[in-house]
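Novice: Turn this into a structure:
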Amino acid sequence: GRYTARSIIPSGYGVPEGAPTDVVLKSLGRHGERPAHIHYFVSAPGHQHLTTQINLAGDPYTYDDFAFATREELVVPAERIEDPAEIAKRDLEGPFSHVVFDVELAPTDAAELQVRHARPRAKEDEQDLASQLAGTAKV
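Specialist: So this is what the prediction gives:
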């Protein structure tokens, strides 16, 4: 199969200065910085649901993520595209970055493994539900 996703190039971020998490991390001699990353929730019938992220190469915290979420195979370079024909082809207004990230889902017959894990989430609204159901769309 094939997929395309459009996103912004995120920046890294840190826990708020002086917040409880910051205090705990500093007491352990650690920082509270996360590198630039994009989360993916991927599902397909007959395959195990996958929650993952890609880390964008070049961020100063790529290999020093306080959440220990960086794995070499999840670090991808972003290629800057400035060619006017490529910009027009994608109906964009200016230069963009192109990232290639292949996803391989594990086959499973277990229905409970084919869906996103049920757990309380900080934000659940109609837009989030539509996003979660996007993997079930017929293309």
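Novice: Farthest out from the centre of the protein, which residue is that? Tell me.
Specialist: Distance to the chain centre peaks in the chain at Ser27, reaching 28.9 Å (criterion: C-alpha atoms, centre = their mean).
Novice: What values do phi and psi take at that residue?
Specialist: The phi and psi values for Ser27, taken as degrees, to the nearest 10, are phi -70, psi -20.
Novice: Please report the distance of it from Phe101.
Specialist: In this view, Ser27 and Phe101 are 36 Å apart by C-beta to C-beta, to the nearest Å. Using the backbone N, CA and C atoms, a C-beta is placed for each residue, glycine as well.
Novice: Would you map the strands across this structure?
Specialist: With strands called from DSSP state E, the chain shows them at 13-14, 33-34, 37-42, 50-56, 75-76, 79-81, 96-98.
Novice: which residue ranges form the helices in the chain?
Specialist: 20-27, 84-89, 126-133 (DSSP state H).
Novice: Can you list the low-confidence ranges for this structure?
Specialist: Within the chain, the stretches with pLDDT under 70 are 119-139.
Novice: try 80
Specialist: Low-confidence segments of the chain (pLDDT under 80): 1, 117-139.
Novice: Nearest to the spatial middle of it, which residue is it?
Specialist: Closest-to-mean residue, the chain, C-alpha atoms, centre = their mean: His39 / 1.7 Å.
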